[in-house]
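**Q** Sharing a model prediction with you, sequence too.
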Amino acid sequence: MDFNFQFAALYTAIILTGLSAGLFFAWQVSVIPGTKRVTDTVYIETMQKINRAIINPPFMLIFLGPVVIQLLCAYLYRDAATAFWLILSSVLIYGAGTVIVTGTGNVPLNDALDTVELSKLSDKEISAKRHEYEKPWNRLHLIRTAFAVISFMLLLFTAFIHS
């Protein structure tokens, strides 16, 4: 196995995509079950704070970085037919199923939730806001998690067949 720029790019793509898939998977199996056990007010306060805090450089690197490095890998592996198609599939799956779903689904829900002022709402209104947000957000999160994991698996398969 020769270590070169092509190989380093593929392993960087695997690591970044794996971190993204791992973050989404961990959220799916730990944070979502945990938030189902809190009151409506606590749920909304928590999600508002998480949504504001998660926009930071490390998160953006592992969320958007896979698209950039996978595109680079597709270019670098353009002469290796099987690897090229696996990487291209990976970037399309990650881009559509993770980045676009997040940008067109989760983020608008987050933005709407961010405008909620709990002090101005009754308990019934707070409960309604939670239900407007939680179920669709969790459904979209499951979709982006599945697509991130599939993308990660395609990259791993690429590394196995190309090593």
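**A** Perfect, I can see it now.
**Q** From now on I want contacts and neighbour counts done on CA atoms only, so please keep to that.
**A** OK.
**Q** Just after the helix or strand containing I62, pick out the following helix or strand.
**A** Secondary structure assignment for I62, by DSSP states H and E: helix 57-76. The helix or strand immediately downstream of helix 57-76 is helix 81-94, counting by DSSP H and E.
**Q** Quick one: mean pLDDT for whatever helix or strand comes next after that next one?
**A** Later in the chain than helix 81-94, the nearest helix or strand by DSSP H and E is helix 101. Across helix 101, pLDDT averages out at 98.
**Q** List the buried residues for the helix or strand following helix 101?
**A** Where DSSP H and E defines the elements, the next helix or strand beyond helix 101 is helix 107-114. Neighbour-count burial for helix 107-114, with 16 or more other C-alpha atoms under 10 Å as criterion, is recorded at 109-110, 113-114.
**Q** And the helix or strand following helix 107-114, what does it pack against?
**A** Next along the chain after helix 107-114, taking DSSP H and E as the criterion, comes helix 123-161. In terms of contact count using 3 or more C-alpha pairs under 8 Å, 6 or more residues apart in numbering; DSSP states H and E, helix 123-161 is assigned the packing partners helix 5-26, helix 40-53, helix 81-94, helix 101, helix 107-114.
**Q** buried residues in helix 123-161?
**A** Of all the residues in helix 123-161, those buried under the rule 16+ other C-alpha under 10 Å are 126-127, 129-130, 133-134, 137, 140-156, 158-159.
**Q** same thing with stretch 32-41?
**A** Neighbour counts over stretch 32-41 (16+ other C-alpha under 10 Å) mark 35, 40 as buried.
**Q** What's the mean pLDDT across that stretch?
**A** Averaged across stretch 32-41, pLDDT comes to 97.
**Q** just stretch 139-151 next, same as before
**A** The average pLDDT for stretch 139-151 rounds to 98.
**Q** residue ranges with poor pLDDT in the protein?
**A** 1-2 (pLDDT under 70).
**Q** how many other residues sit next to the nearest residue to T35 once chain neighbours are set aside?
**A** Once flanking residues are discounted, T35 sits nearest to Y43: 6.2 Å by C-alpha to C-alpha, 6 or more residues apart in numbering. Applying other C-alpha atoms under 10 Å, we find 18 other residues in the vicinity of Y43.
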